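Peer 1: just coords:
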């Protein structure tokens, strides 16, 4: 009896519940640690995703600085079409005409001619009539200057001069963001200028060749065509210098931070969609800022800028690549967000996937009934369908990453290719299921 009570006394103190409670502290400790870990991961994921959304447009700007501003060949290729821009040509003609300034005094010229003719026997009244032709002579000279200048800027020679000047002066453009201007392009007190002295010298020579001999007395000029002026240029220089230091590492860093933020998230699919939409929204804000900045820039041009149209053409051309890239990122972000939603467990995504599978099954059944078989290919595709789809996605992502200057059309093209590949995979998988169906039925019947 005593022995039987002793065994009852061992479990009676119930050390197990207390032990479990006491032991629950060690177990509760990991649970608390697990909760803390989840909170830390959630916070870290949110911070990384927000940082990624901010860095995406900044990365686009960094790429623009390196690929356009700091690359001579791409910079020249970007600004070369401006030589054929009507607004630029008009501004160049006006500036060249002003710079040439033949210093031809029509009144003095007609007076000298009248005096000489009078000395040769011309009646005084006729001599006075000759002097009255001064306005017509001045107008004719001005028309000749403008005509020669217009012929020059519309010729291939001006395109060559424009391209050469920009290529030679790119070293100054390369250093413009540091405030050190030299060569054809200069930076001084927030004003970016292009030296059109070469064009002036060419026009002067053409005037002489056209018979306007006084043009040979034109002194060497160093006329500057104002391209950009801003009191905030120093701030832009500092910001651009920081971007230049970071260099092409910025896009890589941004992608790695975004990937880390998504991987740390509890719901990765949702995190991917939020990251993509956030990045698209940030780029959209920058696009709007560029539009507003263009309006502000044109409305605050200095008086020496004769043509707002020419200034707008320069602005649009230099920022064309930046705007295209931002639009591409916006489209890509929206597509990634939509894709993340469609692979989710929602009612609409599941209905869409079921509908696609039923359609593939119907097509496969029709083909099977007409003797179309895929054999082991369809069976293998059905067994490895998930990994095939992942592989297709990775391949197209790699193609996009290696694409030189992709655009929104590039993104849409790759999406269409992906959808077509997924459709083919779905159809092959359906034929694999159809091929296995008779075997399964036969097995059940046996």
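Peer 2: Sure thing, it's come through. Keep in mind it's a predicted model, so treat the numbers as computed, not measured. Residues are numbered from 1 along each chain as shown.

Peer 1: next one: residue 262 from residue 391, what distance?
Peer 2: For residue 262, the distance to residue 391 (CB to CB, to the nearest Å) stands at 20 Å. Every residue, glycine included, has its C-beta placed from N, CA and C.

Peer 1: higher neighbour count, those two?
Peer 2: Taking other CB atoms under 10 Å, residue 262 and residue 391 do not tie; residue 262 has more neighbours (23 against 13).

Peer 1: that's a helix at that one, yeah?
Peer 2: Yes. Under DSSP: H, G, I helix; E, B strand; the rest coil, residue 262 falls within a helix.

Peer 1: quick one: residues contacting it.
Peer 2: Residue 262 sits next to 45, 49, 268, 271-272, 275 when contact means CB atoms under 8 Å, 6 or more residues apart in numbering.

Peer 1: excluding covalently adjacent residues, which one is nearest to it?
Peer 2: In space, and not counting its chain neighbours, residue 262 is closest to residue 271: 4.7 Å by CB to CB, 6 or more residues apart in numbering.

Peer 1: measure the one you found to residue 259 for me?
Peer 2: Taking CB to CB, one finds residue 271 at 10 Å from residue 259.

Peer 1: more crowded one of those two?
Peer 2: residue 271 (22 against 14).

Peer 1: for this protein, just list every one of the strands.
Peer 2: Ranges of strands in the chain, per DSSP state E, are 185-188, 191-195, 224-229.

Peer 1: by mean pLDDT, show me the worst of the ones you listed.
Peer 2: Of all those, strand 185-188 carries the lowest average pLDDT, namely a mean of 55.

Peer 1: now for residue 49, how many residues are close by?
Peer 2: Counted with other CB under 10 Å, the neighbours of residue 49 add up to 23.

Peer 1: check residue 413 too.
Peer 2: 14.

Peer 1: quick check: pLDDT value at it.
Peer 2: Note for residue 413: predicted pLDDT of 93.

Peer 1: how far away is it from residue 405?
Peer 2: Going from residue 413 to residue 405 by CB to CB gives 14 Å.

Peer 1: just the pLDDT at residue 97, thanks.
Peer 2: The model reports residue 97 with a pLDDT of 67.

Peer 1: how about the contacts made by residue 290?
Peer 2: Residue 290 is in contact with 319, 322-323, 326, counting by CB under 8 Å, 6+ apart.

Peer 1: residue ranges with poor pLDDT in the stretch 151-300 of the chain?
Peer 2: Scanning the stretch 151-300 of the chain for pLDDT under 70 picks out the ranges 168-204, 206-207, 210-245, 247.

Peer 1: kindly recompute the last result at 80.
Peer 2: For the stretch 151-300 of the chain, the stretches flagged by pLDDT under 80 are 152-153, 157, 161, 164-248.

Peer 1: now the stretch 1-150 of the chain
Peer 2: Across the stretch 1-150 of the chain (using pLDDT under 80), the flagged ranges come out as 1-33, 65-73, 92-149.

Peer 1: if we go to 50?
Peer 2: 1-32 (pLDDT under 50).

Peer 1: picking that back up, now render the contacts of residue 262 as CSV, adding distance to residue 84.
Peer 2: Listed next are the contacts of residue 262 as CSV, based on distance: CB to CB, whole Å:
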residue, distance to residue 84
45, 51
49, 45
268, 51
271, 48
272, 45
275, 42
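
Peer 1: from those, which is closest to residue 427?
Peer 2: residue 272 (27.3 Å; CB to CB).

Peer 1: ok, the closest one - contacts?
Peer 2: Contacts of residue 272 were listed using CB under 8 Å, 6+ apart, and they are 262, 336-337, 340.

Peer 1: where helices are concerned, which of the residues you listed count?
Peer 2: 262, 336-337, 340 (DSSP state H).

Peer 1: please, where are all the helices along the stretch 251-400 of the chain?
Peer 2: Taking DSSP state H, counting those that start in this stretch as the test, the helices found in the stretch 251-400 of the chain are 268-299, 308-318, 320-342, 347-369, 376-383, 385-402.

Peer 1: noted, bye for now.
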